[in-house]
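# could you work out the structure for the sequence below:
(one chain, ligands or ions: 1)
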Amino acid sequence: MPYDLTEEQRDRYRATSIRSQQRKRALLEEGKTVRPPAHQLSGRLDPNDLMPQLEQNGLTCLSLFSGGGGLDLGFERAGFAHAASYELLDVCGETLNANRPDWDVRSGTDAGDVMKAAFSPFRGVDIVHGGPPCQPFSIAGKQAGADDPRNMWAEYVRCVLQVRPRAFIAENVVGLLDRKFESFVQQNIVDPLTDKYTIFKFKLAAHDFGVPQARRRVFFVGFRAKRDAARFEVPIPTHGDEGSVFGPLLPRNTARRSLGLPDIGYDEVSPTLRSGFTGPRNTTGVLNSKAALKIWHSLQVWPNGVQPSRGLAEAYPPENGHFRMSVADCALLQGFPEDWKFSGAVYQALGQIGNSVCPPVAYAVALQVARALTE
Ligand SMILES: C[S@@+](CC[C@H](N)C(=O)[O-])C[C@H]1O[C@@H](n2cnc3c(N)ncnc32)[C@H](O)[C@@H]1O
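Residues are numbered from 1 along each chain as shown. Below is the predicted model of the structure:
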């Protein structure tokens, strides 16, 4: 685990995990899967309501590092069309193809690797967007930055310089704005692009855009034309507390209410879902830190042993009776609508979810970019 546990805690979790596996086996064997659900769900959030589908705006995107499609989906719902989406992992390509059979998805170690791609044929595309892998800069990792072989910023910049889009959007973890990476950002992102693009750099919080999860990310948005840059405004929150400096906002969407769970007198946005594809053992949990454990506990939501379906999650509740999540529940907490399906085993689906830009946040950025380019 990326966080410290004492031996005693480790033993306790190990014992819980073994007991839980035994209970699962027993419950399934006893055929108790048909008993009435312990958690009646009603009035779940529909993330599509956070990002109403807009008519096509005539602008096209090239998507890099597309993952499970968070940025792609947000841009699509804001009216953009995709020229192509590049992604190294086959399982992500399967997700994109299954959800959008008409998209040009290039995935896998040959077709999908941006390091092998020639981008000049995409000249004329309006937008390049992408979230280069964030592990090199994530506080959950070693923060090796430029020295990490997963650092793909050079490829992103090469693509922008070859395609010369009217605008680019890049997303990453807020760790990238640490002082430690100041010169990295300057030398690898700003310097190569600054004489061709006016660059904006800002942080957004997913829960400010109706996503029921605490999640902050940094965005770089660049415009080729000064006139477009002058029209760009950083997205302002749509959801928040009363008395916000942004004026009247919609109340935040909290985790339990969004999942459709009954009122227990306590609710708040969920902790950040764990990023990354492969925990130490391809984990099926979304727990991100020790501090998060306390919040999940108060929410009475179990962040481990996520199940492929609601039926299976119901079939073996955790011993403490908390709500066990399915992949669809985690997707909802990330702002994906129910009809967006993730391919692969549970840990692969969670990897795609935890790595993604929350679609409603992508949508908010896409709206502002479209406004700057089309008004
Ligand atoms: C942070 S995730 C992107 C998530 C995506 N923006 C979304 O919103 O769902 C980064 C992705 O880059 C992919 N990737 C890493 N190296 C790559 C490469 N050389 N070519 C293409 N994709 C790559 C990873 O497999 C991962 O899915």
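
# for stretch 285-295, measure first residue to last.
This stretch, stretch 285-295, spans 15 Å end to end (C-alpha to C-alpha, to the nearest Å).

# hmm, who's touching it?
Applying C-beta atoms under 8 Å, 6 or more residues apart in numbering, the contact partners of stretch 285-295 are 3-5, 140, 268, 270-275, 279, 296, 303-306, 325, 330, 350, 354. To be clear about C-beta, it is placed using only N, CA and C from the backbone, and glycine gets the same treatment.

# switch the cut-off to 7 Å
By C-beta atoms under 7 Å, 6 or more residues apart in numbering, the residues outside stretch 285-295 that reach it are 3, 268, 271-274, 303-306, 330, 350, 354.

# what's the answer for stretch 303-322, then?
Where contact means C-beta under 7 Å, 6+ apart, the residues beyond stretch 303-322 that reach it are 20, 23-24, 27-28, 33, 37-38, 284-287, 296, 300-302, 324-328, 330, 346, 350.

# in helices, which of those residues appear?
In helices, defined here by DSSP state H, the members of these are Ser20, Arg23, Lys24, Leu27, Leu28, Trp296, Val327, Ala328, Cys330, Val346, Leu350.

# can you give me the helices in the stretch 251-375 of the chain?
With DSSP state H, counting those that start in this stretch applied, the stretch 251-375 of the chain shows helices at 255-259, 290-299, 310-315, 327-333, 346-354, 359-374, listed in chain order.

# domains for this protein, by residue range?
For the chain, automatic domain parsing gives the domain ranges 38-44+251-354, 50-243+357-374.

# with distance to the ligand, mean neighbour count and mean pLDDT added, can I get those in JSON lines?
Converted to JSON lines, the domains of the chain look like this (distance: least, C-beta to the nearest ligand atom, whole Å; neighbours: other C-beta atoms under 10 Å; pLDDT from 0 to 100):
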{"stretch": "domain 38-44+251-354", "distance to the ligand": "7", "mean neighbour count": "19", "mean pLDDT": "92"}
{"stretch": "domain 50-243+357-374", "distance to the ligand": "3", "mean neighbour count": "19", "mean pLDDT": "94"}
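
# mind putting the helices of the stretch 251-375 of the chain into CSV with distance to Ala205?
Formatted as CSV, those follow (distance: least, C-beta to C-beta, whole Å):
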stretch, distance to Ala205
helix 255-259, 15
helix 290-299, 16
helix 310-315, 28
helix 327-333, 14
helix 346-354, 17
helix 359-374, 8
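
# so which of the ones you listed is nearest Gln9?
Proximity to Gln9, assessed across the helices of the stretch 251-375 of the chain by C-beta to C-beta, is greatest for helix 290-299 (8.9 Å).

# the closest one: how far from the chain's middle?
20 Å (C-alpha atoms, centre = their mean, to the nearest Å).

# what two of the ones in helices among the contacts of stretch 303-322 are the furthest from one another?
Distances among those were taken as C-beta to C-beta; the most separated pair is Leu28 and Trp296, at 24.3 Å.

# quick revisit: can you list the domains of the chain in a markdown table and add distance to Asp11?
Compiled in a markdown table, these are given as follows (distance: least, C-beta to C-beta, whole Å):
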| stretch | distance to Asp11 |
| --- | --- |
| domain 38-44+251-354 | 16 |
| domain 50-243+357-374 | 24 |
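
# how far away is the residue lying closest to Val369 once chain neighbours are set aside from Arg106?
With sequence-adjacent residues excluded and distances taken as C-beta to C-beta, 6 or more residues apart in numbering, Val369 is closest to Ala167, at 5.4 Å. With distances defined as C-beta to C-beta, to the nearest Å, the gap from Ala167 to Arg106 amounts to 22 Å.

# got it, and Gln352?
For Gln352, the distance to Arg106 (C-beta to C-beta) stands at 17 Å.

# show me what contacts Arg371?
By C-beta under 7 Å, 6+ apart, the contact list for Arg371 reads Arg231.

# report the beta-bridge partners for Val218.
Val218 has the following beta-bridge partners by DSSP bridges: Asn172, Lys203.

# hmm, Ala170 and it touching each other?
No: with contacts defined as C-beta atoms under 7 Å, Val218 does not count as touching Ala170, sitting 8.8 Å away.

# now the strands for this structure?
If you assign secondary structure with DSSP state E, the strands in the chain sit at 60-64, 81-87, 105-107, 127-130, 167-173, 198-205, 216-223, 301-307, 323-326.

# which other helices and strands contact the first one?
Under the contact criterion of 3 or more C-beta pairs under 7 Å, 6 or more residues apart in numbering; DSSP states H and E, strand 60-64 touches helix 70-77, strand 81-87, strand 127-130, helix 153-163.
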